[in-house]
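**Q** Provide a 3D model corresponding to the input given below.
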Amino acid sequence: MENFLNNIKSFFGDALFNFLNGIIALVIGFIILKLLRFIIKKVLTRLPINTTIATFLNSILSAVLYLIYILIVLSAFGINTNGVVALVGSVGVAIGLALKDSLSNIANGIMLVTMKPFNVGDFVEVNGTSGTVIAIHMISTVLQTTDNKVITIPNNEVLSNNIVNYNAMTTRRLDMVVSVSYDTDIDLAKNTILELVEKDNRIFSDPAPVCELDKMNESSLDFTLRVWLKSSDYHNVRWDLNQKIIKTFNKKNIEIPYNQLDIRVRKD
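**A** This is a model prediction of the structure:
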């Protein structure tokens, strides 16, 4: 085979041989490239991974295949590719340094869609910012706040801070503090709160609601109320209970305290 190629090379000349060799590599290499890209795409679509990750990996592998294809074709045309490889390496290092933060965000984005600390539609709190997740991109995560603002957070900040997912569990415990004055009948206040809780069908009876006198502050007696409910009912139940408690307390003359300061005047 080698003698055959040498004979062709000597017959056509180096320049023409390299040109024919390059054309063959260009055509056959392109066919192989398309076939490999098709196989990679099929394999990635069948793997149990997120669509975003599959698309990202497909783009990276396609870029690598194109680079190898170009180097092979240049070599087939008789062009020394050592300089090209060195140039590509230098450019790659420069691009890596320039896009260090972006590449870090991409890596964290892959971790987010792989680990799944939250999904699109979950209500989360990230670094003090609360909102509903409307998109998880490779570089950033997008939240929509309750007052309809859209906040874009880099994935670096998402994973480097505590993430509170309010929708991770289907049930939540609602903790409330109800304050009454020192003149209040403690049993009356406690029973009134528990009666309101029992009338609300959204609140679970198991685990049973708890209402106990927790603190004796300077100007008030503080009851701690703990009830379990569906996560989706959390805010509505809290708001309704606040309104029902204050209305019922007013009807039963249960005083809701306010800060007081006793001043004693002593005469000489």
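**Q** Please enumerate the strands of the stretch 51-200 of the chain.
**A** 123-126, 129-136, 140-144, 150-154, 163-165, 171-180 (DSSP state E, counting those that start in this stretch).
**Q** So which of those strands is nearest residue 28?
**A** Comparing the strands of the stretch 51-200 of the chain by their distance to residue 28 (Cβ to Cβ), the top pick is strand 129-136, with 40.7 Å. For every residue, glycine as well, the C-beta is placed using N, CA and C.
**Q** Of all the strands of the stretch 51-200 of the chain, which one comes closest to residue 34?
**A** strand 129-136 (31.2 Å).
**Q** Now do the buried residues in that closest one.
**A** 131-133, 136 (16 or more other Cβ atoms under 10 Å).
**Q** And stretch 29-38, by the same measure?
**A** Those would be 29, 33, for stretch 29-38 by 16+ other Cβ under 10 Å.
**Q** Stretch 160-179 now?
**A** Here stretch 160-179 shows 163, 165-168, 172, 174, 176, 178-179 as buried, counting by 16+ other Cβ under 10 Å.
**Q** Pick the one among the residues you listed closest to residue 190.
**A** Out of the buried residues of stretch 160-179, the member with the shortest distance to residue 190 (by Cβ to Cβ) is residue 178, at 9.2 Å.
**Q** ok, now which ones touch the closest one?
**A** 189, 193, 211, 222-223, 225, 245 (Cβ atoms under 8 Å, 6 or more residues apart in numbering).
**Q** Quick check: which of the strands of the stretch 51-200 of the chain is nearest to residue 73?
**A** Per Cβ to Cβ, nearest to residue 73 of these: strand 140-144, 37.4 Å.
**Q** before we move on, the earlier item: go through the buried residues of stretch 160-179 and name the one nearest residue 256.
**A** residue 179 (6.6 Å).
**Q** List the contacts of the closest one.
**A** Per Cβ under 8 Å, 6+ apart, neighbours of residue 179: 217, 220-223, 256-257.
**Q** And the residues you listed, which two are furthest apart?
**A** 217 and 256 (13.1 Å).
**Q** so the closest residue to residue 216 other than its chain neighbours bridges to which residues?
**A** Distance criterion Cβ to Cβ, 6 or more residues apart in numbering; nearest residue to residue 216, sequence neighbours excluded, is residue 222 at 7.6 Å. Beta-bridge pairing for residue 222 (DSSP bridges): residue 179, residue 215.
**Q** Kindly report the domain assignment for this protein.
**A** With domains defined by automatic domain parsing, the chain comprises 2-98, 119-165, 171-251.
**Q** what's the average pLDDT for the longest one?
**A** Mean pLDDT, taken over the full extent of domain 2-98, equals 71.
**Q** Neighbour count says what about the contacts of residue 179? Which are buried?
**A** 220-221, 223, 257.
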